[in-house]
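K.L.:
I'd like to go over a predicted model; first the sequence, then the structure.
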Amino acid sequence: MNKKFLFIQPTIYDERGEPVKKSKLYFVGLGMPLLAALLPPDWEAEICIETIEDIPWDTDADVVGLGGMGHAANRAKDIAAEFRSRGKIVVMGGPMVSLVPDLAAGYCDAVVVGDAEGLMAELCHDLERGTLQPRYAEKLKGELNTPLPRYDLVVDKRIGDFLPVQAGRGCPHTCKFCSIYCLYRGHYVRRPVLEVIRDITAIKELGFDKFLLIDDNIVAHPAYLKELCEQIRPLGMTWMSQCSIRIADKPDLLRLVAESGCRVLSFGLESINKDSLLAMNKKWCDPDDYARVLRTVTDAGIEIASEMIVGIDTDTRESLLATIDFVKSSDIVAPKFYCLTPIPGTDLYEELKDTGRITDPDVLSYTPSRAVIDTPNLTATEVEALFWEIYHRVYTLPAILQRTVLHRRMRSRPGQTLFFLMVNLVYRSQIRRRISPNIL
Ligand code: B12
Ligand code: SF4
């Protein structure tokens, strides 16, 4: 056996069952470059990002490592079958597989559950000896240390003008639908600040002046974020990330985040219906306060992308349609919506699995635009129709112009506003083709 891994980040299937292909992938994930860096020194690595590249089916690597986010695991499953028929050893990992390891085990030779940092050396050792185990799993404890990701393996691909960096994993909150809560159970694991700065400096040396801080909630540990931003500021980079809206209650920290170069934050607002937030165990979000919170963040010079859910038990047609007015009158520049789906392992799934309300048990096929839960007020079909209605009405041309070039942000940040005009137009075109918006 040769000591070479081909790591593949699979794409997703579109509504016709065709793999989605793009000429460029703006947001590149960290998983594959990091896994390549975790290999023992005498192992080689090749990375394929399927969204923008053809799969090298004739690879000389003997081992194929497949990642998978959400329904991309469905694609990973098919790629695994093809490589196994060609005699390759297939290892699967990533967030979705980690939530359904028993299911994934049927499609590959080994499943890596959760974080791979403490497992790759053992996995490679077992591969070399021919003693591969069907499952590898280890819980991250305490601080997280990771080597410099193999950015060199992705920089020459057709990617955006920023690279991914990670400071921490997990989140202290316990939202009922969330895969991150399910994987980390309310824990937030941090990397040493200097190690994160090492990665950002390396990115800068590669000629990039932007990065995507891919953490799940950067404000999970405010003192840590403060220290991190103080170290990022002198580097003169710009960056974007995601976190809880509670950052707006910490004006000093918010200012520091902006001064360190943060230009966009994405917030999981989920709903403007208090009962729905309560039902999702997100009672620390107060929709009555959303307008103020969002204004505070944009006033600090940071643009807001948002994520909201359609199809919570307490949602009604009226409460969902009211969301359209809320979004249009808010400071959100890139609003996104998702049908609520029950991901195995989440509390939501546990609550629903025996009720007969899940209309499709094929968990690998759940996409953001497919409603699979009948709610007390709306059937899954009605939820799906509302999902598209909201998207169509939030992404009319007048609404797009209103939140971009006609908005006050155009005066202070014209370049960034034009970028978001482009993003909105891409989303609009995707919505018209019934593709759930995403810059893939
Ligand atoms: C950046 C990102 C993206 C980018 C880049 C995706 C890409 N193709 O690379 C974009 C915006 C395009 C994207 C798209 C999607 N994403 Co995304 N994304 C992320 C984000 C923010 C960071 C990913 C990352 O780099 N993580 C850091 C790395 C180091 O962690 P990791 O990938 O988990 O890898 C570790 C382990 O899982 C393991 N591992 C991972 N893969 C493998 C493979 C092998 C062989 C082995 C051994 C180990 C292993 O080792 C790594 C080191 O420990 C995560 C949130 C998160 N916390 O991860 C969401 C996240 C992964 N995405 C998610 C989803 C649902 C999607 C979409 C399906 C959404 C959609 N619109 O349809 C698509 C799928 C696109 C695709 N082709 O895969 C969900 C997945 C939930 C789930 N149950 O699986 C997450 C967790 C967000 C969330 N909070 O729900 N995403
Ligand atoms: S705040 Fe966000 S990342 Fe944290 S548990 Fe809730 S949904 Fe998940």
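P.N.:
On my side now, so go ahead. What you see is a predicted model, and the numbers here were worked out from it, not measured in a lab. Ligands and ions are numbered 1, 2, ... in the order given.

K.L.:
Could you give the average pLDDT over stretch 292-306?
P.N.:
For stretch 292-306, mean pLDDT rounds to 96.

K.L.:
Go through it and flag the buried ones.
P.N.:
293-294, 296-298, 300-306 (16 or more other CB atoms under 10 Å). The way it works is simple: take the backbone N, C-alpha and C, and place the C-beta from them, glycine included.

K.L.:
from those, which ones fall inside strands?
P.N.:
Judged by DSSP state E, these include 303-306 as members of strands.

K.L.:
Now do the contacts for L277.
P.N.:
270-271, 283, 285, 287 (CB atoms under 8 Å, 6 or more residues apart in numbering).

K.L.:
For it, give its distance to ligand 2.
P.N.:
Shown here: L277 relative to ligand 2, a distance of 11 Å by CB to the nearest ligand atom, to the nearest Å.

K.L.:
Okay, now stretch 393-401: how far is its last residue from its first?
P.N.:
13 Å (CA to CA, to the nearest Å).

K.L.:
One more: stretch 202-221?
P.N.:
By CA to CA, the extent of stretch 202-221 from end to end equals 25 Å.

K.L.:
quick one: buried residues of that stretch?
P.N.:
Across stretch 202-221, burial judged by 16+ other CB under 10 Å covers 202-204, 208, 210-221.

K.L.:
from the ones in strands among the buried residues of stretch 292-306, which is closest to ligand 1?
P.N.:
Ligand 1 lies nearest to A305 out of these, by CB to the nearest ligand atom, at 11.0 Å.

K.L.:
near ligand 2, which residues of the chain?
P.N.:
Selection of the chain residues close to ligand 2 by CB under 6 Å from any ligand atom yields 171, 173, 175, 178, 180-181, 216-217, 244, 268.

K.L.:
what about 5 Å?
P.N.:
Taking CB under 5 Å from any ligand atom as the contact definition, the chain meets ligand 2 at 171, 173, 175, 178, 180-181, 216, 268.

K.L.:
Name the residues that touch stretch 423-431?
P.N.:
With CB under 8 Å, 6+ apart as the test, stretch 423-431 has contacts from 333-334, 336, 388, 391-392, 395, 397, 400, 403-404, 436-439.

K.L.:
Contacts only, for the residue nearest to T238 when sequence neighbours are not counted.
P.N.:
Leaving out its chain neighbours, the residue that sits closest to T238 by CB to CB, 6 or more residues apart in numbering is G261, at 4.4 Å. By CB under 8 Å, 6+ apart, the contact set of G261 is 232-233, 235-239.

K.L.:
From the residues you listed, list the buried ones, please.
P.N.:
232, 235, 237, 239.

K.L.:
quick one: which of the residues of the chain next to ligand 2 sit in helices?
P.N.:
Counted as lying in helices by DSSP state H, out of the residues of the chain next to ligand 2, are 180-181.

K.L.:
Would you map the strands across this structure?
P.N.:
Secondary structure of the chain by DSSP E: the strands cover 4-9, 44-49, 63-66, 89-92, 110-113, 135-137, 163-165, 168-170, 188-190, 210-213, 238-242, 262-270, 303-310, 332-339.

K.L.:
out of the contacts of L277, who has the most neighbours?
P.N.:
Per-residue neighbour counts (other CB atoms under 10 Å) across the contacts of L277 peak at S271, which has 26 neighbours.

K.L.:
W57: neighbouring residues, count only.
P.N.:
Neighbourhood size, W57 [other CB under 10 Å]: 10.

K.L.:
now the one 4 residues further on
P.N.:
If you count neighbours by other CB under 10 Å, A61 ends up with 21.

K.L.:
likewise Q242?
P.N.:
Neighbourhood size, Q242 [other CB under 10 Å]: 20.

K.L.:
Any idea what the nearest residue to it once chain neighbours are set aside is bridged to?
P.N.:
Residue nearest to Q242 in three dimensions, not counting chain neighbours: S266, with 4.0 Å by CB to CB, 6+ apart. S266 has these beta-bridge partners by DSSP bridges: Q242, A305.

K.L.:
how about JSON lines for the contacts of G261, with pLDDT and distance to ligand 1 added?
P.N.:
Output for the contacts of G261, formatted as JSON lines (pLDDT from 0 to 100; distance: CB to the nearest ligand atom, whole Å):
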{"residue": "I232", "pLDDT": "98", "distance to ligand 1": "18"}
{"residue": "R233", "pLDDT": "98", "distance to ligand 1": "23"}
{"residue": "L235", "pLDDT": "98", "distance to ligand 1": "21"}
{"residue": "G236", "pLDDT": "97", "distance to ligand 1": "23"}
{"residue": "M237", "pLDDT": "98", "distance to ligand 1": "17"}
{"residue": "T238", "pLDDT": "97", "distance to ligand 1": "17"}
{"residue": "W239", "pLDDT": "98", "distance to ligand 1": "13"}
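
K.L.:
now the helices for the stretch 251-400 of the chain?
P.N.:
Listed in chain order, the helices of the stretch 251-400 of the chain (DSSP state H, counting those that start in this stretch) span 251-259, 274-279, 290-299, 317-329, 347-352, 380-394, 397-403.

K.L.:
Output the third one as CSV, nothing but the C-alphas.
P.N.:
Provided in CSV are the C-alpha atoms of helix 290-299 (Å, rounded to 0.1, in the frame of the first residue of the first chain):
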residue,chain,number,x,y,z
TYR,A,290,-33.5,42.5,17.1
ALA,A,291,-33.8,45.9,15.4
ARG,A,292,-31.7,47.6,18.1
VAL,A,293,-29.1,44.8,18.1
LEU,A,294,-28.7,44.8,14.4
ARG,A,295,-28.4,48.6,14.2
THR,A,296,-25.7,48.5,16.9
VAL,A,297,-23.6,46.0,14.9
THR,A,298,-24.0,47.9,11.5
ASP,A,299,-23.2,51.2,13.3
